[in-house]
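**Student:** Mind folding the following:
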Amino acid sequence: MKKKALLLFMTLTAIAAASGCGRKDSSSDPSSSHTTAAETMAETLPSSSEEETTVLETQKPQEETKDQPADVSASVKTYKEGHVSIQYPELSNLSDSSVQNKVNQLLYSNALQFLEAYSVDSAKDTVTVECDVISADRRRVTVVYTGLYSAQGASYPTNLFYTNTIDTAKGEDIELTDYADPYTLAGYILSGDCQFETDDSQLNQALMDQRSDRDINTYTQMFQNADFPYKESEDDPVPFPQVFSYEDGGTIYVSLPVSHALGDFALVKYTPDTK
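**Tutor:** As a prediction, the model looks like this:
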(Lines give C-alpha, C1' and ligand atoms only; values in the text may rest on other atoms or scores of the structure.)
Protein backbone atom coordinates (compact mmCIF):
# COMPACT_ATOMS: atom_id res chain seq x y z
CA MET A 1 0.00 0.00 0.00
CA LYS A 2 2.83 2.37 0.87
CA LYS A 3 4.55 1.53 -2.43
CA LYS A 4 1.38 2.33 -4.36
CA ALA A 5 0.97 5.62 -2.51
CA LEU A 6 4.62 6.55 -3.14
CA LEU A 7 4.28 5.65 -6.80
CA LEU A 8 1.15 7.78 -7.11
CA PHE A 9 2.87 10.72 -5.40
CA MET A 10 5.87 10.53 -7.74
CA THR A 11 3.62 10.36 -10.80
CA LEU A 12 1.62 13.45 -9.75
CA THR A 13 4.85 15.35 -9.01
CA ALA A 14 6.26 14.58 -12.47
CA ILE A 15 3.04 15.72 -14.14
CA ALA A 16 3.05 19.00 -12.20
CA ALA A 17 6.70 19.66 -13.08
CA ALA A 18 6.11 18.98 -16.75
CA SER A 19 3.12 21.30 -16.73
CA GLY A 20 5.17 24.06 -15.09
CA CYS A 21 7.99 23.86 -17.69
CA GLY A 22 5.59 24.10 -20.58
CA ARG A 23 3.72 27.21 -19.27
CA LYS A 24 4.56 30.52 -21.03
CA ASP A 25 5.66 33.18 -18.55
CA SER A 26 3.94 36.44 -19.64
CA SER A 27 6.44 38.52 -17.68
CA SER A 28 9.28 37.34 -19.94
CA ASP A 29 7.37 37.75 -23.23
CA PRO A 30 7.88 41.28 -24.67
CA SER A 31 4.83 40.98 -26.87
CA SER A 32 2.54 40.58 -23.85
CA SER A 33 3.46 43.86 -22.18
CA HIS A 34 5.05 46.04 -24.89
CA THR A 35 4.38 47.21 -28.42
CA THR A 36 6.74 48.89 -30.89
CA ALA A 37 7.02 52.68 -30.90
CA ALA A 38 5.27 52.78 -34.25
CA GLU A 39 2.36 50.64 -33.02
CA THR A 40 1.92 52.69 -29.86
CA MET A 41 1.95 56.02 -31.69
CA ALA A 42 -0.24 54.75 -34.51
CA GLU A 43 -2.99 54.02 -31.98
CA THR A 44 -3.08 57.71 -31.04
CA LEU A 45 -3.25 59.03 -34.60
CA PRO A 46 -6.55 59.86 -36.32
CA SER A 47 -7.59 57.14 -38.72
CA SER A 48 -8.44 57.87 -42.35
CA SER A 49 -9.45 55.66 -45.25
CA GLU A 50 -7.14 57.71 -47.46
CA GLU A 51 -4.15 57.53 -45.18
CA GLU A 52 -1.40 54.98 -44.72
CA THR A 53 0.65 55.72 -41.65
CA THR A 54 4.40 55.26 -41.46
CA VAL A 55 5.80 56.58 -38.21
CA LEU A 56 9.49 57.29 -37.82
CA GLU A 57 10.86 58.74 -34.61
CA THR A 58 13.15 61.65 -35.43
CA GLN A 59 13.91 62.53 -31.82
CA LYS A 60 13.90 60.31 -28.75
CA PRO A 61 11.70 61.87 -26.05
CA GLN A 62 13.25 62.40 -22.64
CA GLU A 63 11.46 61.39 -19.47
CA GLU A 64 9.36 64.32 -18.32
CA THR A 65 9.93 65.69 -14.82
CA LYS A 66 8.52 68.62 -12.92
CA ASP A 67 11.55 70.82 -13.63
CA GLN A 68 12.47 69.35 -17.02
CA PRO A 69 9.61 68.80 -19.49
CA ALA A 70 10.07 66.14 -22.15
CA ASP A 71 11.64 67.26 -25.43
CA VAL A 72 9.35 67.94 -28.36
CA SER A 73 9.22 64.85 -30.55
CA ALA A 74 8.50 64.75 -34.29
CA SER A 75 7.24 61.67 -36.10
CA VAL A 76 6.74 61.36 -39.84
CA LYS A 77 3.48 60.14 -41.34
CA THR A 78 2.70 59.37 -44.96
CA TYR A 79 -0.50 60.30 -46.76
CA LYS A 80 -1.21 57.83 -49.56
CA GLU A 81 -3.97 57.71 -52.12
CA GLY A 82 -3.63 56.25 -55.60
CA HIS A 83 -0.39 57.55 -57.11
CA VAL A 84 0.01 60.19 -54.39
CA SER A 85 2.46 59.84 -51.50
CA ILE A 86 3.21 62.82 -49.27
CA GLN A 87 5.12 62.77 -46.00
CA TYR A 88 4.36 65.21 -43.21
CA PRO A 89 5.39 65.46 -39.55
CA GLU A 90 3.35 65.27 -36.38
CA LEU A 91 4.57 66.70 -33.08
CA SER A 92 4.10 65.44 -29.55
CA ASN A 93 5.09 66.63 -26.05
CA LEU A 94 4.12 70.27 -26.59
CA SER A 95 3.06 71.96 -23.35
CA ASP A 96 -0.45 72.87 -24.51
CA SER A 97 -2.46 70.04 -26.07
CA SER A 98 -4.88 72.41 -27.81
CA VAL A 99 -1.97 74.29 -29.44
CA GLN A 100 -0.38 70.96 -30.34
CA ASN A 101 -3.57 69.98 -32.17
CA LYS A 102 -3.53 73.29 -34.08
CA VAL A 103 0.12 72.81 -35.03
CA ASN A 104 -0.44 69.27 -36.25
CA GLN A 105 -3.51 70.28 -38.24
CA LEU A 106 -1.50 73.04 -39.95
CA LEU A 107 1.34 70.64 -40.73
CA TYR A 108 -1.12 68.20 -42.27
CA SER A 109 -3.21 70.64 -44.30
CA ASN A 110 -0.25 72.68 -45.56
CA ALA A 111 1.64 69.59 -46.65
CA LEU A 112 -1.33 68.44 -48.72
CA GLN A 113 -2.45 71.86 -50.01
CA PHE A 114 -0.57 71.27 -53.26
CA LEU A 115 -3.07 68.55 -54.20
CA GLU A 116 -6.03 70.89 -54.04
CA ALA A 117 -4.20 73.84 -55.57
CA TYR A 118 -3.21 71.86 -58.66
CA SER A 119 -6.38 69.75 -58.79
CA VAL A 120 -4.32 66.57 -58.62
CA ASP A 121 -6.16 63.42 -59.70
CA SER A 122 -4.59 60.65 -57.62
CA ALA A 123 -5.75 58.02 -60.11
CA LYS A 124 -4.00 59.68 -63.06
CA ASP A 125 -1.35 62.06 -61.72
CA THR A 126 1.69 61.11 -59.66
CA VAL A 127 2.97 63.07 -56.66
CA THR A 128 5.81 61.92 -54.42
CA VAL A 129 6.93 64.23 -51.61
CA GLU A 130 9.34 63.64 -48.73
CA CYS A 131 9.68 65.88 -45.70
CA ASP A 132 12.75 66.86 -43.71
CA VAL A 133 12.20 68.24 -40.20
CA ILE A 134 14.93 70.88 -39.88
CA SER A 135 14.07 71.65 -36.26
CA ALA A 136 11.26 71.10 -33.77
CA ASP A 137 11.10 72.63 -30.29
CA ARG A 138 8.78 74.63 -28.04
CA ARG A 139 9.40 77.77 -30.09
CA ARG A 140 8.93 76.62 -33.67
CA VAL A 141 8.96 73.72 -36.09
CA THR A 142 10.58 74.03 -39.52
CA VAL A 143 9.90 71.53 -42.29
CA VAL A 144 11.22 71.30 -45.86
CA TYR A 145 9.33 69.34 -48.52
CA THR A 146 10.88 68.09 -51.78
CA GLY A 147 9.50 65.82 -54.46
CA LEU A 148 8.16 65.30 -57.97
CA TYR A 149 4.83 65.99 -59.65
CA SER A 150 3.94 64.19 -62.89
CA ALA A 151 0.65 65.29 -64.38
CA GLN A 152 -1.02 62.88 -66.79
CA GLY A 153 0.16 63.63 -70.31
CA ALA A 154 2.96 65.96 -69.18
CA SER A 155 6.24 65.75 -71.09
CA TYR A 156 8.28 65.70 -67.92
CA PRO A 157 7.86 65.75 -64.12
CA THR A 158 8.11 68.99 -62.13
CA ASN A 159 10.49 69.33 -59.20
CA LEU A 160 8.62 70.36 -56.07
CA PHE A 161 9.92 72.44 -53.19
CA TYR A 162 7.95 74.00 -50.37
CA THR A 163 8.41 74.66 -46.68
CA ASN A 164 6.41 75.24 -43.53
CA THR A 165 7.50 77.04 -40.36
CA ILE A 166 5.04 77.17 -37.47
CA ASP A 167 5.12 78.95 -34.12
CA THR A 168 4.65 76.02 -31.73
CA ALA A 169 3.72 78.33 -28.84
CA LYS A 170 0.82 79.96 -30.73
CA GLY A 171 -0.05 77.40 -33.37
CA GLU A 172 0.37 79.88 -36.24
CA ASP A 173 2.26 79.84 -39.54
CA ILE A 174 5.46 81.90 -39.66
CA GLU A 175 6.06 83.72 -42.95
CA LEU A 176 9.08 85.22 -44.69
CA THR A 177 7.86 88.71 -43.75
CA ASP A 178 8.20 87.75 -40.06
CA TYR A 179 12.00 87.68 -40.30
CA ALA A 180 13.00 89.54 -43.47
CA ASP A 181 12.04 92.76 -45.24
CA PRO A 182 10.69 91.92 -48.74
CA TYR A 183 12.08 95.04 -50.44
CA THR A 184 15.55 94.65 -48.91
CA LEU A 185 15.59 90.97 -49.88
CA ALA A 186 14.52 91.86 -53.43
CA GLY A 187 17.42 94.29 -53.68
CA TYR A 188 19.79 91.58 -52.48
CA ILE A 189 18.51 89.15 -55.13
CA LEU A 190 19.29 91.65 -57.88
CA SER A 191 22.69 92.61 -56.46
CA GLY A 192 26.10 91.12 -57.12
CA ASP A 193 26.11 89.76 -53.56
CA CYS A 194 23.32 87.27 -54.30
CA GLN A 195 24.29 83.69 -53.46
CA PHE A 196 22.54 80.60 -54.74
CA GLU A 197 22.70 77.28 -52.91
CA THR A 198 24.72 75.41 -55.54
CA ASP A 199 28.31 74.34 -56.10
CA ASP A 200 27.83 74.15 -59.87
CA SER A 201 29.47 77.27 -61.34
CA GLN A 202 27.66 76.97 -64.67
CA LEU A 203 24.28 76.57 -63.00
CA ASN A 204 25.05 79.46 -60.69
CA GLN A 205 25.83 81.73 -63.65
CA ALA A 206 22.64 80.67 -65.44
CA LEU A 207 20.59 81.43 -62.31
CA MET A 208 22.30 84.80 -61.89
CA ASP A 209 21.37 85.62 -65.48
CA GLN A 210 17.75 84.46 -65.16
CA ARG A 211 17.08 86.34 -61.89
CA SER A 212 17.21 89.60 -63.86
CA ASP A 213 14.05 88.62 -65.73
CA ARG A 214 12.09 90.12 -62.82
CA ASP A 215 12.38 93.63 -61.41
CA ILE A 216 12.63 94.69 -57.78
CA ASN A 217 8.90 95.39 -57.47
CA THR A 218 7.97 91.93 -58.76
CA TYR A 219 10.34 90.26 -56.32
CA THR A 220 9.07 92.43 -53.47
CA GLN A 221 5.48 91.35 -54.12
CA MET A 222 6.52 87.71 -54.41
CA PHE A 223 8.26 87.88 -51.04
CA GLN A 224 5.31 89.63 -49.43
CA ASN A 225 3.12 86.70 -50.49
CA ALA A 226 5.64 83.96 -49.66
CA ASP A 227 4.94 80.91 -47.50
CA PHE A 228 1.81 79.57 -45.85
CA PRO A 229 -0.87 80.68 -45.38
CA TYR A 230 -1.58 81.36 -49.05
CA LYS A 231 -2.28 85.01 -49.86
CA GLU A 232 -4.59 85.36 -52.84
CA SER A 233 -3.16 87.35 -55.73
CA GLU A 234 -4.43 88.06 -59.24
CA ASP A 235 -0.98 87.20 -60.60
CA ASP A 236 -0.99 83.67 -59.16
CA PRO A 237 -2.20 81.00 -61.61
CA VAL A 238 -3.05 78.58 -58.76
CA PRO A 239 -3.79 79.05 -55.04
CA PHE A 240 -0.32 78.05 -53.89
CA PRO A 241 2.61 80.28 -52.88
CA GLN A 242 5.25 80.85 -55.58
CA VAL A 243 8.00 81.43 -53.02
CA PHE A 244 8.90 79.52 -49.86
CA SER A 245 11.49 80.16 -47.17
CA TYR A 246 13.00 78.76 -44.01
CA GLU A 247 15.70 79.72 -41.53
CA ASP A 248 18.49 77.40 -40.43
CA GLY A 249 21.49 78.38 -38.33
CA GLY A 250 20.96 82.11 -38.88
CA THR A 251 20.77 81.81 -42.67
CA ILE A 252 17.50 82.34 -44.53
CA TYR A 253 16.90 80.12 -47.56
CA VAL A 254 14.43 81.44 -50.12
CA SER A 255 13.15 79.49 -53.12
CA LEU A 256 12.66 81.23 -56.46
CA PRO A 257 10.65 79.77 -59.34
CA VAL A 258 12.94 79.25 -62.35
CA SER A 259 12.70 77.45 -65.69
CA HIS A 260 12.45 73.67 -65.81
CA ALA A 261 15.85 73.58 -67.53
CA LEU A 262 17.36 75.12 -64.39
CA GLY A 263 15.52 72.81 -61.99
CA ASP A 264 12.07 74.48 -61.54
CA PHE A 265 13.26 76.16 -58.34
CA ALA A 266 16.46 77.66 -56.99
CA LEU A 267 17.47 78.39 -53.40
CA VAL A 268 18.98 81.73 -52.41
CA LYS A 269 21.01 82.10 -49.20
CA TYR A 270 20.39 85.34 -47.31
CA THR A 271 21.77 86.63 -44.00
CA PRO A 272 20.01 89.92 -43.12
CA ASP A 273 22.55 91.22 -40.59
CA THR A 274 25.33 91.21 -43.19
CA LYS A 275 23.38 92.88 -46.00
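
**Student:** Next, please give the residue ranges for the strands of the protein.
**Tutor:** Counting by DSSP state E, the chain has these strands, from start to end: 51-52, 73-81, 84-92, 126-136, 140-150, 158-167, 172-174, 195-196, 245-248, 251-257, 265-270.

**Student:** Tell me which of these approaches residue 214 most closely.
**Tutor:** Ranking those by proximity to residue 214 (Cβ to Cβ) places strand 251-257 first, at 8.7 Å. All C-beta atoms are positioned from the backbone trio N, CA, C, and that covers glycine.

**Student:** Can you lay out the strands of the chain as CSV showing mean neighbour count, distance to residue 189 and mean pLDDT?
**Tutor:** Formatted as CSV, the strands of the chain follow (neighbours: other Cβ atoms under 10 Å; distance: least, Cβ to Cβ, whole Å; pLDDT from 0 to 100):
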stretch, mean neighbour count, distance to residue 189, mean pLDDT
strand 51-52, 12, 39, 52
strand 73-81, 20, 32, 97
strand 84-92, 21, 29, 98
strand 126-136, 19, 22, 98
strand 140-150, 19, 20, 98
strand 158-167, 20, 17, 98
strand 172-174, 18, 21, 98
strand 195-196, 17, 10, 97
strand 245-248, 20, 12, 97
strand 251-257, 19, 7, 97
strand 265-270, 20, 6, 98
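
**Student:** In CSV, list those along with distance to residue 187.
**Tutor:** CSV is the format used below for the strands of the chain (distance: least, Cβ to Cβ, whole Å):
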stretch, distance to residue 187
strand 51-52, 44
strand 73-81, 36
strand 84-92, 34
strand 126-136, 26
strand 140-150, 25
strand 158-167, 22
strand 172-174, 23
strand 195-196, 14
strand 245-248, 16
strand 251-257, 13
strand 265-270, 11
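
**Student:** Where does the prediction get shaky in this structure?
**Tutor:** Applying pLDDT under 70 to the chain flags residues 1-69, 274-275.

**Student:** picking up where we left off before, nearest to residue 184, out of the strands of the chain?
**Tutor:** Taking the strands of the chain one by one with Cβ to Cβ, strand 265-270 is closest: 9.3 Å.

**Student:** can you give me the angle the closest one makes with strand 140-150?
**Tutor:** Relative orientation of strand 265-270 and strand 140-150, computed by axes from the mean of the first three to the mean of the last three Cα atoms, to 10 degrees: 150 degrees.

**Student:** Quick check: can you name the pairing partners of strand 265-270 and their directions?
**Tutor:** Applying DSSP bridges, strand 265-270 is found paired with strand 195-196 (antiparallel), strand 251-257 (antiparallel).

**Student:** what does it rub up against?
**Tutor:** Contacts with strand 265-270, where a contact means Cβ atoms under 8 Å, 6 or more residues apart in numbering, come from 159, 161, 180, 185, 188-189, 194-198, 207, 251-258.

**Student:** measure stretch 192-201 end to end?
**Tutor:** Separation of the first and last residues of stretch 192-201 by Cα to Cα, to the nearest Å is 15 Å.

**Student:** Show me what counts as buried in it.
**Tutor:** Across stretch 192-201, burial judged by 16 or more other Cβ atoms under 10 Å covers 194, 196, 198.

**Student:** which among those residues gets closest to residue 154?
**Tutor:** residue 198 (25.2 Å).

**Student:** The closest residue in space to the closest one that isn't next to it in sequence: neighbour count?
**Tutor:** Take residue 198 and drop its neighbours on the chain: the residue closest to it by Cβ to Cβ, 6 or more residues apart in numbering is residue 204, 5.3 Å away. Neighbour count of residue 204, defined by other Cβ atoms under 10 Å: 16.

**Student:** Check the gap between residue 204 and residue 251 for me.
**Tutor:** Per Cβ to Cβ, to the nearest Å, residue 204 is found 17 Å from residue 251.
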